[in-house]
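**Q** Fold the stuff below for me.
(chains A and B)
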Amino acid sequence: DTGVSQDPRHKITKRGQNVTFRCDPISEHNRLYWYRQTLGQGPEFLTYFQNEAQLEKSRLLSDRFSAERPKGSFSTLEIQRTEQGDSAMYLCASSSGLDNEQFFGPGTRLTVL
Amino acid sequence: AQSVTQPDIHITVSEGASLELRCNYSYGATPYLFWYVQSPGQGLQLLLKYFSGDTLVQGIKGFEAEFKRSQSSFNLRKPSVHWSDAAEYFCAVVLLTASGTYKYIFGTGTRLKVLA
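**A** Sure, this is the predicted structure:
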């Protein structure tokens, strides 16, 4: 059982730099989700893919954020011109869609200095 | 607007004591409800879920939750807490979006501390 994996687990960057995170979902899952979690808060939905199609985007996802899932397998989340307010844990989840249960990865913790 | 409220930010119980974590939701239709646990450095792990049917659902690690439609609640319970239960617990409701997909709305979490 490989589960959902995310890379890197931690990222420290300077303000203004670009960062990219990767998520590898459970192999048979066609649905993939990105969430952001800040300290003391629950995860907040960012975006959703069904196969390679990005079907839903939160208003939290500003123009500096972009997500892709080019072959319907792994996904990347890129943040351009990072700001200190982007510091958070970025969580990825996947599901088969059969009963809406989402399986979460360990997250990527981003710190913007 | 749909929302999930976890009124207790922190809860401290003694090992062996019973536990109840509160969750209230605001949602027009019959919700799909979940409880997840998050330990430090770990991903969210599903404890249990409610879709329909029996309003008392059993989960992993000895947890159970009861769906009460009249109170819009889905409280999590455990009769005897173990030190390893110390973690953060999140209640979530699943929404059907305009695009026909489902997304989670999480509560702000309850951090559980267990005293030896």
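**Q** OK, contacts around residue 45?
**A** With no chain named, the answer covers chain A. A:33, A:34, A:35, A:56, A:58, A:60, B:103, B:104, B:105 (CB atoms under 8 Å, 6 or more residues apart in numbering or on different chains). For every residue, glycine as well, the C-beta is placed using N, CA and C.
**Q** wrong one, chain B
**A** A:104, B:36, B:37, B:38, B:39.
**Q** Over to residue B:110?
**A** By CB under 8 Å, 6+ apart, the neighbours of residue B:110 are B:6, B:8, B:9, B:10, B:11, B:21, B:22, B:88, B:89.
**Q** what's in contact with stretch A:65-85?
**A** Under CB under 8 Å, 6+ apart, the answer for stretch A:65-85 is A:13-25, A:27, A:30, A:32, A:34, A:46-47, A:49, A:51-52, A:54, A:61, A:64, A:86, A:90, A:92, A:110, A:112-113.
**Q** Buried subset of the contacts of residue A:45 as a PyMOL selection?
**A** Buried residues within the contacts of residue A:45, by 16 or more other CB atoms under 10 Å in any protein chain shown, are selected in PyMOL with:
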select buried, (chain A and resi 33+34+35+56+58) or (chain B and resi 103+104+105)
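**Q** Tell me the one of the contacts of residue A:45 nearest residue B:57?
**A** Taking CB to CB as the measure, residue B:57 lies nearest residue B:104 of the contacts of residue A:45, at 17.3 Å.
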